[in-house]
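Engineer: pasting the sequence and the predicted model now:
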Amino acid sequence: MSFSRLSAMMILLALAAACTPVPVDPEEAARECEERARAAQGPTGTVTAGVNSNTGGFAGLEIGITSDFLLGKDPLAVYSDCVWNLTGQAPFRPPEL
């Protein structure tokens, strides 16, 4: 086998290894997926208001709407699908919504 063929083969193996998904800790996946399921329940948002001595008053508004909510997906299904996609396993506990 020539050096260039061996090099090409090693590069292909390295690329294949880089594309292999890294498993996510089930507890971490559950936390992340709970957030996504909560967001699927409805719009989220925050309101900020205050005053400081340098610039005076300030206010802010942030609203978030997810595609899961717009598509009318069931939050429990969003949670289950998310955990499955991240871990390759079914959820080990129900979500805390």
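Structural biologist: All right, it came through fine. Numbers count the residues shown, from 1 in each chain.

Engineer: do a quick rundown of the helices in the protein.
Structural biologist: For the chain, the helices defined by DSSP state H occupy 3-19, 26-41, 67-70, 75-87.

Engineer: who's in contact with the first one?
Structural biologist: What that stands for is helix 3-19. Contact with helix 3-19 is made by no outside residue, as judged by Cβ atoms under 8 Å, 6 or more residues apart in numbering. Quick note: C-beta positions are derived from backbone N, CA and C, even for glycine.

Engineer: and it, average pLDDT?
Structural biologist: Mean per-residue pLDDT for helix 3-19: 73.

Engineer: hmm, back to that, which one of the helices of the chain lies nearest to Gly57?
Structural biologist: Nearest of the helices of the chain to Gly57, taken as Cβ to Cβ: helix 26-41 at 30.1 Å.

Engineer: any low-confidence regions in this structure?
Structural biologist: 1-3, 16-22 (pLDDT under 70).

Engineer: quick check, central residue of it?
Structural biologist: Residue closest to the mean C-alpha point of the chain, counted by Cα atoms, centre = their mean, is Glu32 at 5.9 Å.

Engineer: and that one, how far is that from Phe92?
Structural biologist: For Glu32, the distance to Phe92 (Cβ to Cβ, to the nearest Å) stands at 14 Å.

Engineer: over to Ala49?
Structural biologist: Ala49 is 41 Å from Phe92, by Cβ to Cβ.

Engineer: cool, and Ala59?
Structural biologist: As judged by Cβ to Cβ, Ala59 and Phe92 stand 42 Å apart.
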